[in-house]
Structure formats: C-alpha cells, structure tokens
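> Have a look at this prediction, sequence included:
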Amino acid sequence: MKSAHDPALLGAIDKRYQQLIARAQQLPPLGSRPLTVSGRVSGWITAKATKALAGAPGVDLEPEAVHVGPVTSKRLSLNKVLENLAQVLRDAGCLRGWRGELLDVVGEGRRLGVIERAALRPLGLLTTAVHLNAWTPDGRLWIARRAPTKSTDPGMWDTLVGGLAVAGEGLDDSLLRESNEEAGLTPADMAARSALHTILRMHRRLPEGYQVENLLVSECVLDDKVVPANKDGEVSEITNVSVGEAWELAHTGQFTLEAELVVLDCLLRRAQGPDASLPALAARRAAGR
C-alpha cells in the first residue's frame with residue numbers, strides 16, 4: 001500500500017499540486033472591472049452584473065471601475081444598498097440560486113458590510129472557506145461525497161468538512177458549526193485539532209463570475225469511537241480512505257478543486273514533518289535539498 005512517505009508518491013503529489021495551483025490562479029473574467037465598496041477595493045464585477053446595476057441606487061459606473069457606497073441623501077445605508085444590489089442581480093439572472101444567507105463584504109482587509117451569499121461571485125468579492133482534514137488513529141483520511149442535489153460539484157468527493165464563514169462569525173466558530181452540520185462532530189471530538197491556517201487565496205473564473213477565496217484548514221485525529229455522520233443533507237456519503245486511495249481519487253479528478261488542494265497540501269506536510277509547507281518544499285527543491 002502506498003505511503004505518504006513513498007518518494008515516488010510524494011513527487012507525484014507535489015507535481016499534481018503545482019498543476020492545481022495554476023488552475024486556482026486565474027485572471028478575472030473578460031470584461032470585468034475592479035469594484036470598490038465604500039471607497040475600498042473589494043472585488044471584480046462581471047460585465048453582465050455591471051450592466052444589470054446601471055442606475056441602481058448607490059452604484060456609480062465608471063469606465064475603469066464600479067463603485068458602491070451608501071446614499072446619504074436617501075438615507076440608504078451601505079447594507080441597504082447591498083441588499084438592493086443583490087435583488088437587482090437576481091432579477092437580471094446574474095445569480096446562481098439564492099441562499100438566504102449573509103456573508104461579509106471585505107475590502108482591503110476590513111469588513112464593510114454584508115450581502116446575500118449568491119451575489120459574491122458576480123461581484124468577485126472575497127470569501128473565506130474553512131476545512132477540516134480528519135484522520136483515523138491508524139492513518140486513514142475521512143472524506144465526504146457531496147449530495148447530488150448540490151448546485152456546485154454535485155457528487156464529487158470533498159474534505160470531511162468544508163464551508164464558508166458567514167457574516168459576523170469567527171473562523172473557529174465557522175469550523176465548529178460546519179463540522180457539526182456536515183459531520184455531526186462536537187467540539188470535544190475536535191479538541192486536539194490544529195489551528196486554522198491559510199493554504200492559499202484562490203482566483204478562479206466561474207460561469208457566474210469570479211471566485212476569490214481564502215482556503216483555511218485545520219487537522220485532527222478523531223477517536224476510533226467517533227463516526228462522522230451528516231446532519232444537513234448536503235452530503236450523501238462519508239467514508240475513510242488510505243493515503244493511496246486518497247491519491248487515486250485526487251489524480252483521477254474525483255475531488256472538488258478546493259478539496260484536492262486541501263488534501264494534497266496535508267499529505268505533503270505530513271510527509272515532510274509538522275513545519276513543512278508547499279513554499280518550504282519549493283525552497284528546498286530550489287536549494288537542491
């Protein structure tokens with residue numbers, strides 16, 4: 001059985017990871033413009049969304065950029081402008097569904113307001129995804145298959161836990177919430193998990209817009225008495241796999257892009273030691289070590 005310490009496997013994983021990085025670092029869709037919110041650079045708005053928002057309150061279209069802000073003369077707060085903006089985009093057919101969930105709008109590192117989740121991609125706004133890589137005591141990785149009813153990547157394999165941080169929620173709180181909803185885990189089950197850390201910021205063109213997303217991950221070993229079970233209906237199957245089986249799923253394209261990035265990063269770090277990371281691995285190769 002393949003091991004994460006197998007040099008040939010490690011090399012293959014590293015090569016695959018570098019290929020994924022290229023897929024996760026794309027320029028904005030053609031015709032997009034920079035978007036500012038309350039004067040801060042915040043995203044990349046698609047051409048279709050720009051056209052739909054022409055004349056909307058609080059939206060100023062310029063040739064080089066689109067600006068969104070409160071309308072004090074009409075007593076429209078920024079959040080009210082953003083709420084209206086999302087509704088206009090929905091009516092114009094720019095959104096992929098409607099989630100009824102608010103996410104933070106971030107510009108230049110600051111939380112500026114909140115907006116309907118479905119509106120994030122057409123506006124190219126930053127999101128933050130938290131993932132959990134959970135292992136069995138004997139070194140098998142827990143993974144989850146996305147339900148066939150999911151609007152994105154239905155039926156594909158995913159990390160055991162993965163979801164977006166919602167408005168006003170701390171990242172650790174987001175991970176604990178998602179872990180309970182998606183895998184039935186309690187804080188006690190995850191008490192020894194590692195701190196969340198960022199793998200990378202994705203930039204990917206999507207049919208509905210532009211995905212700009214920070215990928216964060218925590219890792220833990222679940223007690224052998226803990227059997228993850230989905231509670232929110234968004235997962236059709238949970239199982240655990242060996243390192244070799246995880247690699248087989250990865251290089252045959254059965255993981256979502258985000259999940260594969262998270263899983264392969266984890267395999268590389270586990271093989272190289274607790275202080276390893278992909279930048280560190282790249283530096284070692286460059287130095288001939």
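That came in fine, so what should we check first?

> Quick one: the strands in the stretch 1-150 of the chain, in order.
Listed in chain order, the strands of the stretch 1-150 of the chain (DSSP state E, counting those that start in this stretch) span 33-37, 40-45, 59-61, 66-68, 102-107, 110-116, 126-135, 141-146.

> Now tabulate those strands in a markdown table and tack on mean neighbour count and distance to Arg96.
Quick note: C-beta positions are derived from backbone N, CA and C, even for glycine. A markdown table is the format used below for those (neighbours: other Cβ atoms under 10 Å; distance: least, Cβ to Cβ, whole Å):
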| stretch | mean neighbour count | distance to Arg96 |
| --- | --- | --- |
| strand 33-37 | 22 | 18 |
| strand 40-45 | 22 | 15 |
| strand 59-61 | 16 | 21 |
| strand 66-68 | 22 | 20 |
| strand 102-107 | 22 | 14 |
| strand 110-116 | 19 | 12 |
| strand 126-135 | 23 | 14 |
| strand 141-146 | 22 | 15 |
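
> I'd like to know which of those strands is closest to Glu169.
Checking the strands of the stretch 1-150 of the chain against Glu169 by Cβ to Cβ gives strand 102-107 as the closest, at 8.6 Å.

> what's next to the closest one, contact-wise?
Strand 102-107 is contacted from outside by 36-38, 40-42, 82, 111-117, 120, 125-127, 164-168, using Cβ atoms under 8 Å, 6 or more residues apart in numbering.

> got the angle between it and strand 40-45?
Counting by axes from the mean of the first three to the mean of the last three Cα atoms, to 10 degrees, strand 102-107 lies at 110 degrees to strand 40-45.

> In the chain, mark out all the helices, start to finish.
7-23, 47-52, 78-91, 120-123, 171-183, 243-251, 257-272, 278-286 (DSSP state H).

> Pipe these into JSON lines and attach mean neighbour count, distance to His67 and mean pLDDT per row.
What follows is those, written out as JSON lines (neighbours: other Cβ atoms under 10 Å; distance: least, Cβ to Cβ, whole Å; pLDDT from 0 to 100):
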{"stretch": "helix 7-23", "mean neighbour count": "14", "distance to His67": "31", "mean pLDDT": "88"}
{"stretch": "helix 47-52", "mean neighbour count": "18", "distance to His67": "11", "mean pLDDT": "98"}
{"stretch": "helix 78-91", "mean neighbour count": "19", "distance to His67": "11", "mean pLDDT": "98"}
{"stretch": "helix 120-123", "mean neighbour count": "28", "distance to His67": "12", "mean pLDDT": "98"}
{"stretch": "helix 171-183", "mean neighbour count": "20", "distance to His67": "29", "mean pLDDT": "97"}
{"stretch": "helix 243-251", "mean neighbour count": "19", "distance to His67": "42", "mean pLDDT": "93"}
{"stretch": "helix 257-272", "mean neighbour count": "22", "distance to His67": "30", "mean pLDDT": "90"}
{"stretch": "helix 278-286", "mean neighbour count": "13", "distance to His67": "35", "mean pLDDT": "40"}
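
> what about those, which gets the closest to Val221?
helix 257-272 (11.3 Å).

> CA atoms only for that closest one, dumped as PDB, please.
Extracted in PDB, the C-alpha atoms of helix 257-272 (Å, rounded to 0.1, in the frame of the first residue of the first chain):
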ATOM      1  CA  LEU A 257     -10.600  21.600  -6.700                       C
ATOM      2  CA  GLU A 258     -10.700  23.200  -3.300                       C
ATOM      3  CA  ALA A 259     -10.800  19.800  -1.500                       C
ATOM      4  CA  GLU A 260      -8.000  18.400  -3.600                       C
ATOM      5  CA  LEU A 261      -5.800  21.400  -2.800                       C
ATOM      6  CA  VAL A 262      -6.500  21.000   0.900                       C
ATOM      7  CA  VAL A 263      -5.900  17.200   0.900                       C
ATOM      8  CA  LEU A 264      -2.700  17.300  -1.100                       C
ATOM      9  CA  ASP A 265      -1.300  20.100   1.000                       C
ATOM     10  CA  CYS A 266      -2.000  18.000   4.000                       C
ATOM     11  CA  LEU A 267      -0.400  14.900   2.500                       C
ATOM     12  CA  LEU A 268       2.800  16.800   1.600                       C
ATOM     13  CA  ARG A 269       3.100  18.400   5.000                       C
ATOM     14  CA  ARG A 270       2.500  15.100   6.900                       C
ATOM     15  CA  ALA A 271       5.300  13.500   4.800                       C
ATOM     16  CA  GLN A 272       7.700  16.300   5.300                       C
END
